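model this:
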Amino acid sequence: MAKERSTERFDVVVIGAGPGGYATALYGAAAGLDIALVEKDKVGGTCLHRGCIPAKELLETASVYRAVSGAKEFGVLADQPAVDFGVTQARKQKVVDQLYRGLSGLLGARKVTVHEGTGALRPDNVVRVTGGPSGDLELSGDHVVLASGSEPRTIPGFEVDGRLVVTSDELLEIDELPSSAVVVGGGAIGCEFASMLCDLGTTVSVFEALPKILPGCDRDVARVVERSFAKRGIEVKTGVAVKGHTPNGSGRGTTVQYGDGETIDVDLVVVSVGRRPLAGDLGLDATAVVLDEGGHVEVDDRCRTAEPGVYAIGDLIATPQLAHVGFAEGMLVVKDILGEDPLPLDYGKVPWAIYCHPEVAFAGHSEESAKEAGLDVVVSKHRYQSNGRALILGEPDGLVKVIAEKDADGRAGRLLGVHMVGPWVTEQLGQGYLAVNWEATVDEVASLVQPHPTLSELFGETVLSLTGRGLHG
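Residues are numbered from 1 along each chain as shown. Modelled structure (predicted):
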């Protein structure tokens, strides 16, 4: 008769080892908590293996291709480049594998107990782990953190087959580039994929059901991306819905139906319409945890569920689906477990980074959202075409836009939002993000010295102009 395995006990049991889950484990272990981490695939989750990291590696390949293609403008003579996509994919996997080994080693060094398998929540904060190499087992935690993440959404009429129709999961593993593609969805992920495919030689069309691409972005920022896409030959159709597709008899390519009876022939359809939370395997029916209509776990402002001692974070809850938000929520949960009375996250001020070309980054209110919130605002915009470093790089497209609250005296006061589109703006947002979150005023930020010549000085120039004493505009 098989010996029954006793229940292992921990301070915290985390289900899911994506950014939110592994951040909880690492931060909690650093604070002295005994942590168990349950993951059915590989630590690192979607972000490391099927999302952020591999996608950005392919986007960097596209950036290198653009640079080599335009080298003659700098007096550097080189043959027209070609893409060996097998080498590209191998390099991508090398980056992923290195980060995976590093994360696994770090979890081991922090003495986090990692169990492979599917974790399900049972009553009394017990987590049942099944399907792993250790066999079925139970883990008991004083606290349990649900961090099972999300998966790509699909749409009717476009069943994913990995050949003609793909989501981000399959696109990041293709072994050759299509000659033509339709990207369904013009949000952040869709625009990243459209930009990457176009730069590497694919003819791309983007279909977005809403009136503009990048729906959450400031309108001026979205227009810059739209103009750049148009110049590079990316066809963008907004306000249109796709109806379905009919595969060609040859087995290669398909015809997509959209709009009012219109069609387009392409080799590949990339469905990029968001992600849905993965709560189905968590066994929540036996608990007090509640799901909303969208399938997200309901939590309070400290990520606590209705089940005592149980938290939920990351893509599993209805907050921005960003890896760094998962990091922050994991740290918030640990602080709450430790009784440190943490401040809730202000999701309206988290940083966003979109890695299409040109890049997009922002934090805080857009001009539209500030006005919708009833705020009286003043706005300043400066373009990179007047920035020395941008011209040196040959990347003059883009702008910095700053939204500030108008004080009673009519002058610009507290910074409400910073929006950027252009070269390397994902690396420039830091000072704007800090200013918005510290509720700094225009006068306070304008007095700071900016290095010259830099791309980042355009933020300082944009804020300075709100004082009425700008240098260049």
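
can we go C-alpha only for contacts and neighbour counts from here?
Will do.

and the contacts of stretch 317-335?
Here stretch 317-335 makes contact (CA atoms under 8 Å, 6 or more residues apart in numbering) with 19-21, 23-24, 27-28, 47, 277, 296-299, 302-303, 311, 313-315, 341-342, 344-345, 347, 350, 352.

check stretch 171-180 too.
For stretch 171-180, using CA under 8 Å, 6+ apart, the contacting residues are 50, 54-55, 85-86, 89, 162, 197, 201-204, 266-268, 270.

go again with 10 Å.
49-51, 54-55, 57-58, 83-89, 92-93, 162-166, 193, 197-198, 200-205, 253, 265-271 (CA atoms under 10 Å, 6 or more residues apart in numbering).

cool, stretch 61-77 as well?
55-60, 78-83, 85, 88-89, 91-92, 195-201, 356-357, 392-394.

helix or strand for the closest residue to Pro453 other than its chain neighbours, which one?
Distances taken as CA to CA, 6 or more residues apart in numbering place Arg389 nearest to Pro453, at 5.7 Å, with adjacent residues excluded. Using DSSP states H and E, Arg389 sits within helix 388-393.

please apply the same query to Gly413.
Here Gly413 is assigned to strand 412-422, by DSSP H and E.

any idea of the mean pLDDT in that strand?
Mean per-residue pLDDT for strand 412-422: 98.

OK, contacts around Thr154?
160, 166-167, 271-276.

so how far is the helix ranked longest in the chain off the chain centroid?
Longest helix in the chain, counting residues (DSSP state H): helix 85-109. Remark: helix 85-109 is offset 19 Å from the chain centroid, using CA atoms, centre = their mean, to the nearest Å.

can you name the next helix or strand after it?
Immediately after helix 85-109, counting by DSSP H and E, sits strand 113-116.

coming back round to it: out of the contacts of stretch 317-335, which end up buried?
19-21, 23-24, 27-28, 47, 277, 296-299, 302-303, 311, 313-315, 350, 352 (16 or more other CA atoms under 10 Å).

and the contacts of stretch 171-180, which are buried?
Judged by 16+ other CA under 10 Å, buried ones among the contacts of stretch 171-180: 49-51, 54-55, 57-58, 85, 88-89, 92-93, 162, 164-166, 193, 197-198, 200-205, 253, 265-271.

return the subset of these lying in strands.
Within those, residues falling in strands by DSSP state E are 165-166, 203-205, 265-266, 268-271.

let me see the contact set for the residue nearest to Pro453.
Taking CA under 10 Å, 6+ apart, we find Arg389 in contact with 395-396, 423, 452-458.

so can I have TSV of those showing neighbour count?
Output for the contacts of Arg389, formatted as TSV (neighbours: other CA atoms under 10 Å):
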residue	neighbour count
Glu395	16
Pro396	19
Pro423	23
His452	12
Pro453	13
Thr454	13
Leu455	22
Ser456	22
Glu457	18
Leu458	27
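
out of the contacts of stretch 61-77, name the ones that lie in helices.
Filtering those for helices - DSSP H - leaves 55-60, 85, 88-89, 91-92, 195-199, 392-393.

which residue ranges of the protein form helices?
Going by DSSP H, the chain shows helices at 19-30, 45-50, 52-69, 85-109, 168-171, 188-199, 219-231, 323-337, 367-372, 388-393, 429-437, 442-446, 457-465.

packing partners of the longest one?
Put plainly, it is helix 85-109. On a contact count with 3 or more CA pairs under 10 Å, 6 or more residues apart in numbering; DSSP states H and E, helix 85-109 meets helix 19-30, helix 45-50, helix 52-69, strand 113-116.
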